[in-house]
Every structure is written in structure tokens, then in C-alpha cells.
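Asker: need the 3D shape of this:
(one chain, ligands or ions: 1)
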Amino acid sequence: MDVLGRVRLAQVAARAVGKASHVLERCVAYAHERKQFGQPIANFQMVQQMLADSAIEINAARWMVLHAAWLSDLGESHAAAARDAIAMVKVQASETLGRVVDRAVQIFGGMGYCKDLPVERWYRDARIYRIFDGTSEIHRGVIARSLGKRGAALFELNR
Ligand SMILES: Cc1cc2nc3c(=O)[nH]c(=O)nc-3n(C[C@H](O)[C@H](O)[C@H](O)COP(=O)(O)OP(=O)(O)OC[C@H]3O[C@@H](n4cnc5c(N)ncnc54)[C@H](O)[C@@H]3O)c2cc1C
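Answerer: Numbering: from 1, shown residues only. Predicted structure coming up:
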């Protein structure tokens, strides 16, 4: 189970953060390149909000990956904390990726929906992240059970 957890952290959570970061980079570039009403769409505050929200959420998920990896590296003495942290970041990173690709489709407009660009493919591919390696529901169940057993101590190291 510990090996599965580390694989889940690397192959799902960290990968979701990497994919989301790439998608955001492409969104930023497109928002500065695409002009509507005589100016880049990046000038519009509602587009800026989508970009900023993606950056905030990716950064949060990234730190959760690093935190879970650190707990995992502490070894057997912190195995339970590492398991909970991995369950949390699996949900957080996969759902962040989903929101980031959804905003990407919106920022690219019609081109985000068409097959001419890879955006709609990113959107479809992101969906599996909430399903494989334990669905979001299963991981939420793991987290809820740990909360039931340990309460707020879930966030402490010495347990
Ligand atoms: C592209 C792809 C790649 C995959 N790669 C791998 C792989 O490499 N290795 C591997 O082992 N598996 C892999 N899988 C399988 C994947 O892990 C399972 O599809 C996933 O765990 C969900 O199981 P299920 O499809 O049987 O859905 P089900 O278990 O039938 O779930 C259906 C729904 O019921 C919910 N549900 C089920 N049980 C509970 C519960 N106890 N509490 C609350 N809700 C619940 C689920 O969250 C989901 O919403 C892959 C699947 C796909 C599609």
C-alpha cells in the first residue's frame, strides 16, 4: 500500500500539477496573442481572473505534492500522515487539473472546443485523473475515516 501511495503521488498528483502548469502556460500565451475588440483578451479582467485562479490552485496543489513527498520520505514513523497527505493531494491535484483545463477551453473559446488544437484533448484526458488510482470519492472516504480516528491531529506530525 505504501508503494502504491508513492506511485499515486508521483504518477497522478505530481503529473496532474505538471500538466496543469503546461496548460496554464499555453493559456497565458494565447491570452496575450488573441485579440478581440482591438486588444489582447489578456487585458480583460474576467480572463485575468481565470488565469490567476489557475495559478493559485496549481501553486497550492504543487506545495501539497512537496509536503506529501516530504512526509513520505520521513519513513515508517510517519506512514499514516503520509497516506493521508497523499489521499488529499490526489484529490486536490486531479480536481485542480480539471478546473484548469475547463478554464483553458473557455479562454480558447471556440478553438478550445475544436479538434484543430490540443485543448479539447487536454480536457478529455484530465477527466480520468479523478477516476484512476482511487476515485475522488474513495480518497475522500480515506480522509474522512482518518479525521474520525484522529480529528485535527490529522495535521500534526507526532501521531
Ligand atoms: C484509462 C484508465 C487507466 C487505468 N489504469 C489503471 C492502472 O494502471 N492500474 C489499476 O489498478 N487500475 C487502473 N484503472 C482502473 C481504475 O483504477 C478504476 O477504473 C477506478 O479505480 C474506479 O473503479 P471502477 O471503474 O470499477 O469504478 P467503481 O468502483 O464501480 O466506481 C463507480 C462509482 O462509484 C463510486 N464508489 C465506488 N465505491 C465507493 C465507495 N466505497 N464509497 C463511495 N463511492 C464509491 C466511485 O467513486 C465512482 O464514482 C484504469 C482505468 C482507466 C479508465
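Asker: what packs against the worst-scoring helix or strand of the chain on mean pLDDT?
Answerer: Within the chain, confidence by mean pLDDT, DSSP states H and E is lowest for helix 2-7 among all helices and strands, at a mean of 82. When contacts are defined as 3 or more C-beta pairs under 8 Å, 6 or more residues apart in numbering; DSSP states H and E, helix 2-7 sits against helix 79-108. Just so you know, the C-beta spots here come from the backbone N, C-alpha and C atoms, and that holds for glycine as well.
Asker: what comes up buried for the helix it packs on?
Answerer: For helix 79-108, the neighbour count (16 or more other C-beta atoms under 10 Å) marks 81-105, 107-108 as buried.
Asker: ok, stretch 14-23 next?
Answerer: Buried residues in stretch 14-23 (16+ other C-beta under 10 Å): 14-17, 19-21, 23.
Asker: among those residues, which are in helices?
Answerer: 15-17, 19-21, 23 (DSSP state H).
Asker: in a markdown table: the residues you listed, plus distance to residue 146 and pLDDT.
Answerer: Putting these into a markdown table (distance: C-beta to C-beta, whole Å; pLDDT from 0 to 100) gives the following:
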| residue | distance to residue 146 | pLDDT |
| --- | --- | --- |
| 15 | 24 | 98 |
| 16 | 22 | 98 |
| 17 | 23 | 98 |
| 19 | 28 | 98 |
| 20 | 26 | 98 |
| 21 | 29 | 98 |
| 23 | 31 | 98 |
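Asker: so, low pLDDT: which residues of this structure?
Answerer: Counting by pLDDT under 70, the chain contains low-confidence ranges at 153, 155-159.
Asker: out of the ones in helices among the buried residues of stretch 14-23, which is nearest to the ligand?
Answerer: Nearest to the ligand, judged by C-beta to the nearest ligand atom, of those is residue 15 at 12.6 Å.
Asker: dump the least confident helix or strand of the chain to PDB, restricted to CA.
Answerer: Written as PDB, here are the backbone C-alpha positions of helix 2-7 (Å, rounded to 0.1, in the frame of the first residue of the first chain):
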ATOM      1  CA  ASP A   2       2.900   2.300   0.800                       C
ATOM      2  CA  VAL A   3       4.400   1.700  -2.700                       C
ATOM      3  CA  LEU A   4       1.000   2.300  -4.300                       C
ATOM      4  CA  GLY A   5       0.800   5.600  -2.400                       C
ATOM      5  CA  ARG A   6       4.200   6.800  -3.600                       C
ATOM      6  CA  VAL A   7       3.300   5.800  -7.200                       C
END
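Asker: and for it, what's in contact with it?
Answerer: 72, 79, 82-83, 86, 133 (C-beta atoms under 8 Å, 6 or more residues apart in numbering).
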